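*Asks:* coordinates only, no sequence provided:
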């Protein structure tokens with residue numbers, strides 16, 4: 001994969017890879033594979049100019065929050081990539097033609113208006129309930145246990161969520177976000 005992806009499908013896939021990485025870093029910190037000692041030395045960023053990041057003495061609790069924000073940032077990036085690809089496929093003016101289209105437009109809006117504390121910003125025509133059922137076999141990023149139901153049922157009531165902070169639970173946790181994203185990607189292909 002190149003640094004700059006050329007197709008919308010590549011952009012979505014790479015944004016999901018970045019979300020995967022951010023989530024692994026967050027879990028790595030939580031499970032103590034990564035400690036705050038990684039942040040205490042100065043880190044060179046440009047050897048030609050001799051510049052470096054100053055040592056960071058952030059507490060574990062602050063780092064925990066930053067890793068959470070990193071995951072949210074990656075989610076926002078993925079949402080933007082998906083919304084843009086849906087725009088290209090269906091046109092910018094047709095954001096409310098399907099539930100998945102409206103969901104990703106609204107997710108993108110939450111991050112666009114406040115990337116660090118995303119809140120649902122539901123325009124009047126989107127303030128309704130959207131329902132999607134997706135087979136778990138759709139995911140190439142997440143493996144699900146066999147004893148769980150074959151599909152996930154999403155129900156997002158944007159009238160109730162409007163102005164609330166976006167939370168992982170709104171997607172039935174992060175595995176649900178991956179599933180929604182990969183479902184949207186299949187529609188685009």
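*Replies:* Everything's here; your move. Since we're looking at a predicted model, the values are computed, not measured.

*Asks:* helix or strand for the residue nearest to the spatial centre of the chain, which one?
*Replies:* Most central in the chain under Cα atoms, centre = their mean is residue 75, positioned 1.5 Å from the mean C-alpha point. Here residue 75 sits within helix 60-90, counting by DSSP states H and E.

*Asks:* now find how far off-centre that helix is within its chain.
*Replies:* For helix 60-90, the distance from its own C-alpha centre to the chain's C-alpha centre is 4 Å (Cα atoms, centre = their mean, to the nearest Å).

*Asks:* stretch 151-163 too?
*Replies:* Remark: stretch 151-163 is offset 16 Å from the chain centroid, using Cα atoms, centre = their mean.

*Asks:* returning to what we had before: okay, buried residues for the helix holding residue 75 please.
*Replies:* 63, 67, 70-87 (16 or more other Cβ atoms under 10 Å). Using the backbone N, CA and C atoms, a C-beta is placed for each residue, glycine as well.

*Asks:* could you list the low-pLDDT ranges of this protein?
*Replies:* In the predicted model, the chain carries pLDDT under 70 at residues 1-3, 94-97, 147.

*Asks:* counting contacts, what elements does whichever strand or helix holds residue 180 pack onto?
*Replies:* Assessed by DSSP H and E, residue 180 sits inside helix 174-188. Using 3 or more Cβ pairs under 8 Å, 6 or more residues apart in numbering; DSSP states H and E as the contact criterion, the elements in contact with helix 174-188 are helix 8-30, helix 60-90, helix 99-113, strand 129-135, strand 151-157.

*Asks:* now with 6 Å?
*Replies:* Using 3 or more Cβ pairs under 6 Å, 6 or more residues apart in numbering; DSSP states H and E, the elements in contact with helix 174-188 are helix 60-90.

*Asks:* and the angle for the helix it packs on with helix 8-30?
*Replies:* Relative orientation of helix 60-90 and helix 8-30, computed by axes from the mean of the first three to the mean of the last three Cα atoms, to 10 degrees: 170 degrees.

*Asks:* helices and strands around helix 60-90, which ones?
*Replies:* The contact analysis (3+ Cβ pairs under 6 Å, 6+ apart) places helix 60-90 against helix 8-30, helix 99-113, helix 174-188.
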